[in-house]
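1. based on what follows, work out the 3D shape:
(2 chains)
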Amino acid sequence: MDTGFAAVAIFFAAIFTNNILLTNYLGMCSFLSVSREIKTSLGLGAAVIFVMASTSFLNYIVYHFVLIPLGLEALRFIVFIIVIAAFVQLVEMVIERVSETLYAALGIFLPLITVNCAILGVSLFMVIREYGMLQSFMYGLGSGIGWFLAIMAMAGIRQRLKKAQVPKGLEGAGITLVITGMMALAFMGFSGMISV
Amino acid sequence: MVSFFVSVAAVSGLAGFLAVLMVIADATIANYGTVKVTINGDKKFDVKGGRPLLATLMDEGVFIPSACGGRGSCGLCKVKIKDGAGAFLPTELPWLSDEEKENGIRLACQCKVKNDYAIEIPEELFNVKEFRTTVLRIRDLTHDIKEVVFKLDDPATMDYKAGQFIQLKVPEYELTDEPVYRAYSMASHPAVKDQVETEIRLVPNGICTTYVHKHLKEGDQVILNGPYGEFFLRDSDRKVVCIAGSSGMAPIKSILNDMAVRGIDRETMYFFGARSKRDLFLADEMRELEAKLPRFSFIPALSEPEPEDNWDGATGLITEVLDSYLSSGDNVEAYLCGSPGMIDACINVLTKKGVPEDLIFYDKFA
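-> Residues are numbered from 1 along each chain as shown, chains lettered A, B, ... in the order given. Below you'll find the predicted structure:
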């Protein structure tokens, strides 16, 4: 399998069969707290796609051109986090400067996902699975889209759920987690088709 | 050993590089230079751009009431931004009604001043300041109401209208993890500019009232800000009807004293509702006012007088007493302060008597 084809396979696998939220259960906190409305979920989802795709690429560069030559692979956790935090902060500043509308729609969510575990997770999986540069980028992009799909689906369900009678003890995070589990089961139907 | 230094150097180098990048970004991308904030069309401030409007105004000495301190979780710091702010932010929307959105009302803590702003705020807010004070005197008015007098230290004086209120800052203590602000009417006379007097009733488990009743001592340092509010005597020659219950006495006392000092001679009735004699306070002071104000009468009413009270005044609910004493609502202006239930019931009686709603002013305990 050549790298180009592998990258495409990884892209789709990251969206469906190995959805980072529904199979690894990463990025749950913002998923649970922001999925109340479709509109805000859209903004946060878009922000996650952007940040995952760019940080997986950035961290690939840092890992392969800084950490490996210096023999500092063990420091990747702390280094990845610093890179992600600085990058997100910079992007927020730039967005705020250039476009008011983009800031209102997307920029306002960036601080929420600076230390999102799914973002760090993507960078760490990229190392564990020994992806190449293109593959890393596609994996980040695919994972972002997967996370986006999951939160949009959940927001749609939760908006309808407002009219439903949920038992008192299950309200809020409880019922959301149960539904997430069911969605994960549905996504498992894809498993085995392609793998990361 | 070498790898140890290499790792320290690598992490420091990377972090340092990113930090320098952030500093440069902060000075270039996030640098909005000096921008102009115009308030109510005439007051102009040159301010450093890029910070939230609430904090920017605070630096200029303009205090917008806010309870959460700018985290966007109380929805109090509403101001009208006529020009300058962009689209509504998702963090503002939960606090704004459709009508407010149409009128350009925004949350001052969420809107960052990145270009010139033109805003509108009530004129009184220019007068609002934060004061460092010392507790001068605490005394019991009844079994559950304390009179607390604050001496203003810095700034040393406050200009306000009789009937307005201040916000008291309660520091962290056992009932609260963060400082909170609670509003209390001023009972003092506006001519005494260096003191603020409040009447505070103990509410079981109330954060501020418990603090005042159980912890506050004479000599303590307290932060307060103000003055706020639209509850003050309107200039007219209509008949004045004041109605209060419990610590609602405070602003009415201030208004009446102010009338006496300024020699405002209007026909005035003051209905004060209490359960029994032990809830009645400052009655002597009100009687003294009757001597100073020729056309003023104080009508305390007890709803459940005890036998030992030997009560020969008005008896019954404040609404019943109001109904029987006030013959007509013609040419009447009403000032109400007390619990929401009492105020709503009294507004009913007043409107039935023919007092137009825009002449009924009230200050509800929230």
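
2. okay, now whichever residue of chain A sits closest to chain B: neighbour count?
-> Here the residue of chain A nearest chain B is A:Glu100; by Cβ to the nearest Cβ that distance is 3.4 Å. C-betas here are computed from N, CA, C, even on glycine. Number of residues near A:Glu100 (other Cβ atoms under 10 Å in any protein chain shown) recorded here: 17.

3. B:Tyr211 too?
-> Neighbourhood size, B:Tyr211 [other Cβ under 10 Å]: 21.

4. hmm, B:Tyr173 and it touching each other?
-> Yes - contact criterion Cβ atoms under 8 Å: B:Tyr211 and B:Tyr173 qualify, at 6.2 Å.

5. for B:Pro305, see how far away the most centrally placed residue in chain A is.
-> For chain A, the residue nearest the mean C-alpha position is A:Gly144 (4.2 Å; Cα atoms, centre = their mean). As judged by Cβ to Cβ, to the nearest Å, A:Gly144 and B:Pro305 stand 73 Å apart.

6. what do you get for B:Leu322?
-> Between B:Leu322 and B:Pro305 the distance is 17 Å, computed by Cβ to Cβ.

7. out of these two, which sits in the busier spot?
-> For B:Leu322 and B:Pro305, the more surrounded residue by other Cβ under 10 Å is B:Leu322, and the numbers stand at 24 against 19.

8. B:Leu141 - nearest residue in space that isn't next to it in sequence?
-> Distances taken as Cβ to Cβ, 6 or more residues apart in numbering or on different chains put B:Phe281 closest to B:Leu141, at 4.2 Å, once the chain neighbours are dropped.

9. SS state for that neighbour?
-> With DSSP: H, G, I helix; E, B strand; the rest coil as the basis, B:Phe281 sits in coil.

10. tell me where the chain has helices.
-> In the absence of a named chain, chain A is used. Remark: helices assigned in chain A by DSSP state H are A:3-15, A:28-34, A:38-62, A:68-70, A:76-98, A:100-105, A:110-113, A:117-128, A:133-161, A:173-188.

11. try chain B instead
-> Applying DSSP H to chain B gives helices spanning B:2-28, B:53-59, B:98-102, B:207-210, B:249-262, B:283-292, B:318-325, B:340-352.

12. select the longest strand from chain B.
-> Ranked by residue count and defined by DSSP state E, the top strand of chain B is strand B:129-140.

13. show me what contacts the nearest residue to B:Leu96 once chain neighbours are set aside?
-> Of all residues not flanking B:Leu96 in the chain, B:Ile105 sits nearest, at 6.2 Å (Cβ to Cβ, 6+ apart). Counting by Cβ atoms under 8 Å, 6 or more residues apart in numbering or on different chains, B:Ile105 makes contact with B:78-81, B:96.

14. please check those residues and keep the buried ones.
-> Neighbour-count burial (16 or more other Cβ atoms under 10 Å in any protein chain shown) applied to these gives B:78-79, B:81, B:96.

15. show me the shaky parts of the chain.
-> Defaulting to chain A. A:1-2, A:196 (pLDDT under 70).

16. my bad, chain B
-> Along chain B, segments meeting pLDDT under 70 span B:67-69, B:71, B:366.

17. interface residues of it facing chain A?
-> B:3, B:6-7, B:10-11, B:14-15, B:18, B:21-22, B:25-26, B:29-30, B:86-91, B:112, B:114 (Cβ under 8 Å from any Cβ of the partner chain).

18. any quick PyMOL command for the buried ones out of these?
-> Selecting only the buried entries of the residues of chain B next to chain A in PyMOL, with 16+ other Cβ under 10 Å as the criterion:
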select buried, chain B and resi 7+10+14+18+22+25+29+30+88+89+90+91+112+114
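
19. circling back to that earlier point, just the buried residues of the longest strand of chain B, please?
-> For strand B:129-140, by 16+ other Cβ under 10 Å, it's B:129, B:131, B:133, B:135-136, B:138.

20. what is the nearest of these to B:Leu359?
-> B:Lys129 (31.2 Å; Cβ to Cβ).

21. shouldn't the closest one be in contact with B:Asn225?
-> Yes - the criterion here is Cβ under 8 Å, and B:Lys129 meets it with B:Asn225 at 6.5 Å.

22. can you list residues touching both of those two?
-> By Cβ under 8 Å, 6+ apart, the residues touching both B:Lys129 and B:Asn225 are B:Phe63.

23. name the nearest residue to B:Tyr270, ignoring sequence neighbours.
-> B:Cys242 (4.3 Å).

24. ok, now which ones touch the one you found?
-> By Cβ under 8 Å, 6+ apart, the neighbours of B:Cys242 are B:252, B:255-256, B:268-271, B:334-336.

25. number of nearby residues for A:Ala155?
-> 22.

26. and the one 10 residues further on, by the same measure?
-> Other residues near A:Gln165 come to 6 when the count uses other Cβ under 10 Å.

27. please apply the same query to B:Arg201.
-> 21.

28. try B:Phe361
-> By the measure other Cβ under 10 Å, the count of residues near B:Phe361 is 17.

29. tell me which of the contacts of B:Ile105 fall in strands.
-> The members of the contacts of B:Ile105 that map onto strands under DSSP E are B:78-81.

30. residue of chain B with the smallest distance to chain A?
-> At 3.4 Å from chain A, B:Gly86 is the closest residue in chain B, using Cβ to the nearest Cβ.

31. quick one, what contacts that residue?
-> If you count contacts by Cβ under 8 Å, 6+ apart, B:Gly86 has them with A:100-101, A:103-104.

32. chain B contacts on chain A?
-> Contact residues (Cβ under 8 Å from any Cβ) of chain A with chain B: A:39-40, A:43, A:62, A:66-67, A:70-72, A:75, A:78-79, A:82-83, A:86, A:89-90, A:93-94, A:96-97, A:100-101, A:103-104, A:108.

33. number of nearby residues for A:Phe87?
-> A:Phe87 - counted by other Cβ under 10 Å - has 20 other residues nearby.

34. can I get stretch A:165-183 as PDB, trimmed to CA atoms?
-> C-alpha atoms of stretch A:165-183 as PDB (Å, rounded to 0.1, in the frame of the first residue of the first chain):
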ATOM      1  CA  GLN A 165     -39.500  13.400  29.600                       C
ATOM      2  CA  VAL A 166     -36.200  12.200  31.000                       C
ATOM      3  CA  PRO A 167     -36.100  10.500  34.400                       C
ATOM      4  CA  LYS A 168     -34.800  13.000  37.000                       C
ATOM      5  CA  GLY A 169     -31.600  11.100  37.800                       C
ATOM      6  CA  LEU A 170     -30.600  10.700  34.200                       C
ATOM      7  CA  GLU A 171     -31.000  14.400  33.200                       C
ATOM      8  CA  GLY A 172     -28.000  16.200  31.600                       C
ATOM      9  CA  ALA A 173     -24.800  14.300  31.500                       C
ATOM     10  CA  GLY A 174     -26.300  11.000  32.400                       C
ATOM     11  CA  ILE A 175     -28.600  10.600  29.400                       C
ATOM     12  CA  THR A 176     -26.000  12.200  27.200                       C
ATOM     13  CA  LEU A 177     -23.500   9.500  28.100                       C
ATOM     14  CA  VAL A 178     -26.100   6.700  27.500                       C
ATOM     15  CA  ILE A 179     -26.800   8.200  24.100                       C
ATOM     16  CA  THR A 180     -23.100   8.500  23.300                       C
ATOM     17  CA  GLY A 181     -22.800   4.800  24.100                       C
ATOM     18  CA  MET A 182     -25.500   3.900  21.600                       C
ATOM     19  CA  MET A 183     -23.900   6.100  19.000                       C
END
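
35. tell me the buried residues in that stretch?
-> By neighbour count with 16+ other Cβ under 10 Å, stretch A:165-183 contains the buried residues A:175-176, A:179-180, A:183.

36. before we move on, what about stretch B:261-272?
-> Buried residues in stretch B:261-272, defined by neighbour count with 16+ other Cβ under 10 Å: B:264, B:267-272.

37. do the same with stretch A:127-144
-> Buried, per 16+ other Cβ under 10 Å, within stretch A:127-144: A:127, A:131, A:134-144.
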